[in-house]
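J.: Sequence and predicted structure are below.
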Amino acid sequence: MTSVPLPPLSAALAQYRPSAAATLRFRTPSSAPGVSASSSTRARRFSVIASAREMPWPHVLTVAGSDSSAGAGIQADIKACAALGAYCSSVITAVTAQNTVGVQVKTGMLPSAGVVKVLCESLRKFPVKALVVDPVMVSTSGDTLSGPSTLATYRDELFSMADIVTPNVKEASKLLGDVSLHTISDMCNAAESIYKLGPKYVLVKGGDMPDSSDAIDVLFDGKEFTELRGLRIKTRNTHGTGCTLASCIAAELAKGATMLHAVQAAKKFVESALYHSKDLVIGNGPQGPFDHHFELKSPSYKMGSLQKFNPDDLFLYAVTDSGMNKKWGRSIKDAVKAAIEGGATIVQLREKDAETREFLEAAKACVEICKSSGVPLLINDRVDVALACDADGVHVGQSDMPAWEVRRLLGPGKIIGVSCKTPAQAEQAWKDGADYIGCGGVFPTTTKANNPTLGFEGLRTVCLASKLPVVAIGGINAGNAGSVMELGLPNLKGVAVVSALFDRERVAAETRNLRSILMKNAYSRS
Ligand SMILES: Cc1ncc(COP(=O)(O)OP(=O)(O)O)c(N)n1
Ligand SMILES: Cc1ncsc1CCOP(=O)(O)O
Ligand SMILES: [Mg+2]
């Protein structure tokens, strides 16, 4: 047990304006099961409940001991407040060591060389499944948090035990003797140099790099550099992004993810949290914290699902074509209504010839129809139209706006589909933050000019390489849809069709028929 002095209390309390409603709450001590009550766990714990009057978010300051097993103490206070929608800041009065087993380890600020050495000794004695080292040396606000001897111990002892080390550019620079890092190529060189210190992976985080509209991180595994692009969210609320990213990586590894997946998922979480917290106001400083529990507030969470996109929605993907619908005397709106009536599970408005204003009006009407039926509506190519009508997402091809740029414009909550014909394109779509890929033409088609036919082999190659769910497209109809699904490719979720639905007289009946063919196939596979 280590006792810590209380100057943080005055700093924490300085966040609060004097308020008649502020109260001091006294709680009796509790001790964790299986832990003998030490003087620290017996320490009295206080919580100051501050008025929410001048804060847009309810805010609790807890003054309590830290429980390393996180079941009680300050960690429980923080989780409890978060669950109830209050923000919790903390002053740690005592540090206790309590038991847990089978953990992945993530390190944060290690304030002295002695602490790093103790950690290394313990890790040698008790090896862990995965070790994530966040070398907290320079805070996002630019403050130096550890001295030269700590830095040397990190380099000489801790890094060689790590599965991944996650410095930001300032930390990478410090670790390498204050080299200057200005470009992606500098970040790659830095990752390579840090890799030589012994970790299995190095992630150099470029969030602090100036002059970029993206947050680009570089992951190095000793052989390959992977550039991971994320959105740069304009917000002051970036306090704790590094800690959160490292914790998310550890959590994903604990769930069994590969390193690349863990890092990608962690980046997505941080990006989404920043996006949803960009307008929060907590405290008066130049930097604020963000909301880790943003998903609790989303309407889809309240409806019992956390997913913005369900890959199973790709089952029967209806893609419109105004030329065809005009030919049969239908408006876009009536065509969409009929497809949904027949059982389409997702709709894309692919209106190549429509005037922008006319297209937007039709899109707004279709958004209403799709919303009321719970069917996602995507817009082909036109990010501007998707934004204006608040569609669920956009589908883009290889010559359209890049998916990462679409993601930057639409934010993390929208669905992005990308057309891919090769494994390399599928890999890029995944890195760019797409949700699914469309792969085709599987069969010859006259709907899209100059579109090479991939055949089953091309589809299979892309599906097997893709980390994203896939929908097959191109020349698919009631006569051949079954054979596409019979390929039994695990991430092939469905078929996308244009002419088989819309170049027909009776859209609802055609959709129903195709759906029943797909259903038969789905049942025979399960
Ligand atoms: C589901 C789906 N997959 C592929 C495409 C084709 O998109 P793209 O390559 O951009 O070609 P256009 O449709 O824009 O001509 C798609 N639209 N939908
Ligand atoms: C948009 C598109 N992308 C690849 S093939 C294709 C056209 C699909 O139309 P159809 O279903 O009529 O063959
Ligand atoms: Mg396109």
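T.: Thanks, I have it. Ligands and ions are numbered 1, 2, ... in the order given.
J.: List the contacts of Val498.
T.: Listed by CB atoms under 8 Å, 6 or more residues apart in numbering, the contact set of Val498 reads Val319, Thr320, Asp321, Met324, Arg350, Thr445, Thr447. The C-beta positions use only the backbone N, C-alpha and C, and glycine is treated the same way.
J.: and those, which are buried?
T.: Val319, Thr320, Asp321, Met324, Arg350, Thr445, Thr447 (16 or more other CB atoms under 10 Å).
J.: and these near ligand 2, which?
T.: Thr445, Thr447 (CB under 6 Å from any ligand atom).
J.: Would you check which pair of the contacts of Val498 lies furthest apart?
T.: By the measure CB to CB, these have their two most distant members at Thr320 and Thr445, which lie 15.2 Å apart.
J.: which parts of the stretch 301-450 of the chain sit against ligand 1?
T.: Within the stretch 301-450 of the chain, the positions near ligand 1 by CB under 6 Å from any ligand atom are 317, 319, 348, 350, 380-381, 395-397, 400, 417, 419, 438, 448.
J.: end to end, how far does stretch 420-440 reach?
T.: 8 Å (CA to CA, to the nearest Å).
J.: any idea what the closest residue to ligand 1 within the stretch 151-300 of the chain is structurally, helix, strand or coil?
T.: Across the stretch 151-300 of the chain, the shortest distance to ligand 1 (CB to the nearest ligand atom) belongs to Arg229, at 20.1 Å. Secondary structure, DSSP: H, G, I helix; E, B strand; the rest coil: Arg229 is strand.
J.: Which parts of the stretch 351-500 of the chain are helices?
T.: Assigned by DSSP state H, counting those that start in this stretch, the stretch 351-500 of the chain shows helices spanning 356-373, 383-389, 403-410, 423-431, 455-465, 481-485, 499-502.
J.: mean pLDDT lowest for which of those?
T.: For the helices of the stretch 351-500 of the chain, the weakest mean pLDDT is recorded on helix 403-410, namely a mean of 91.
J.: what helix or strand is Ser193 on?
T.: Using DSSP states H and E, Ser193 sits within helix 184-195.
J.: where's Asp221 relative to Ile249, distance?
T.: Counting by CB to CB, to the nearest Å, the separation of Asp221 from Ile249 is 14 Å.
J.: Compare these two (neighbour count), which wins?
T.: Shown here are Asp221 and Ile249; by other CB atoms under 10 Å, Ile249 has more neighbours (30 against 16).
J.: So which of the contacts of Val498 belong to helices?
T.: Using DSSP state H, the subset of those located in helices is Met324.
J.: quick check, nearest of the contacts of Val498 to Gly475?
T.: Distances from Gly475 to those, taken by CB to CB, are shortest for Thr445, at 4.1 Å.
J.: Ala472 is in contact with that closest one, correct?
T.: No: assessed by CB atoms under 8 Å, Thr445 is found out of contact with Ala472, at 11.9 Å.
J.: Is Phe159 located within a helix, as I assumed?
T.: Yes: assessed with three-state DSSP, Phe159 lies in a helix.
J.: how about it, what does it touch?
T.: Counting by CB under 8 Å, 6+ apart, Phe159 has contacts Val133, Val165, Ile194, Leu197, Gly198, Pro199.
J.: ok, how many other residues are close to the residue lying closest to the fifth one once chain neighbours are set aside?
T.: Leaving out its chain neighbours, the residue that sits closest to Gly198 by CB to CB, 6 or more residues apart in numbering is Ser160, at 2.9 Å. With neighbours defined by other CB under 10 Å, the count for Ser160 comes to 12.
J.: for Ser173, same thing?
T.: Neighbours of Ser173 using other CB under 10 Å come to 19.
J.: Reduced to three states, what does it come out as?
T.: Under three-state DSSP, Ser173 falls in the helix class.
J.: what's the nearest residue to the residue in the chain positioned nearest to ligand 3 if we skip its chain neighbours?
T.: Nearest residue of the chain to ligand 3: Gly397, at 3.6 Å (CB to the ion). Take Gly397 and drop its neighbours on the chain: the residue closest to it by CB to CB, 6+ apart is Ser419, 4.1 Å away.
J.: In stretch 324-337, which residues are buried?
T.: For stretch 324-337, by 16+ other CB under 10 Å, it's Met324, Asn325, Arg330, Ile332, Lys333, Ala335, Val336, Lys337.
J.: Need the residues that contact it.
T.: 318, 320, 322, 338, 347, 349, 351, 354, 362, 365-366, 369-370, 377, 498-499, 502-505, 507.
J.: burial of the closest residue to Gly207 other than its chain neighbours, as a residue count?
T.: In this structure, Gly207 finds its nearest non-sequential neighbour in Ala215, 4.6 Å apart by CB to CB, 6+ apart. Other residues lying near Ala215 total 21 when counted by other CB under 10 Å.
J.: Unless I misread the structure, Ala215 falls within a strand.
T.: Yes: with three-state DSSP as the criterion, Ala215 is located in a strand.
J.: Contact partners for it?
T.: Lys205, Gly206, Gly207, Arg229, Gly230, Leu231, Arg232, Lys267, Glu271.
J.: Buried ones among those?
T.: Here, 16+ other CB under 10 Å leaves Lys205, Gly206, Gly207, Arg229, Gly230, Leu231, Arg232, Lys267, Glu271 buried among the contacts of Ala215.
J.: picking up where we left off before, residues touching the residue of the stretch 151-300 of the chain closest to ligand 1, list them.
T.: Asp214, Ala215, Ile216, Trp404, Lys431, Asp432, Gly433.
J.: still on that earlier bit, got a quick ChimeraX command for the buried subset of the contacts of stretch 324-337?
T.: Command for ChimeraX, covering only those of the contacts of stretch 324-337 found buried under the criterion 16+ other CB under 10 Å:
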select :318,320,322,338,347,349,351,354,362,365,366,369,370,377,498,499,502,503,507
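J.: Please tell me how far Trp190 sits from Val270.
T.: For the record, residue 190 is Ala, not Trp. Applying CB to CB to Ala190 and Val270 gives a distance of 21 Å.
J.: go on, Ala64?
T.: 27 Å.
J.: So Ala80, which state does it fall into?
T.: helix.
J.: Dig out what the closest residue to it other than its chain neighbours forms beta bridges with.
T.: Nearest non-adjacent residue to Ala80, counting by CB to CB, 6+ apart: Cys88, 7.9 Å away. Beta-bridge pairing for Cys88 (DSSP bridges): Val60.
J.: Isn't Cys88 up against Ala64?
T.: No: using CB under 8 Å, Cys88 is not in contact with Ala64; the gap is 10.3 Å.
J.: And the contacts of stretch 351-361?
T.: 320-323, 332, 349, 362, 380, 382, 384-385, 388-389.
J.: and the end-to-end length of that stretch?
T.: End to end - CA to CA - stretch 351-361 spans 12 Å.
J.: sorry, back to before: CA atoms only: put the helix or strand that the helix holding Ser193 is followed by into CSV for me.
T.: Note on helix 184-195: by DSSP H and E, the next helix or strand toward the C-terminus is strand 201-204. Provided in CSV are the C-alpha atoms of strand 201-204 (Å, rounded to 0.1, in the frame of the first residue of the first chain):
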residue,chain,number,x,y,z
TYR,A,201,4.4,-4.4,-32.6
VAL,A,202,4.9,-0.7,-32.5
LEU,A,203,2.0,1.8,-33.1
VAL,A,204,3.2,5.3,-33.6
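J.: sorry, back to before: have a look at the buried ones among the contacts of Ala215 and tell me the least confident one.
T.: Minimum pLDDT for the buried ones among the contacts of Ala215 is recorded at Leu231 (74).
J.: got the residues of the chain near ligand 2?
T.: So the chain meets ligand 2 at 440-441, 445, 447-448, 451, 473-476, 497-500 (CB under 6 Å from any ligand atom).
J.: Between all of those, which two are at the greatest distance?
T.: Across the residues of the chain next to ligand 2, the longest distance by CB to CB is 15.9 Å; it joins Asn451 and Ala500.
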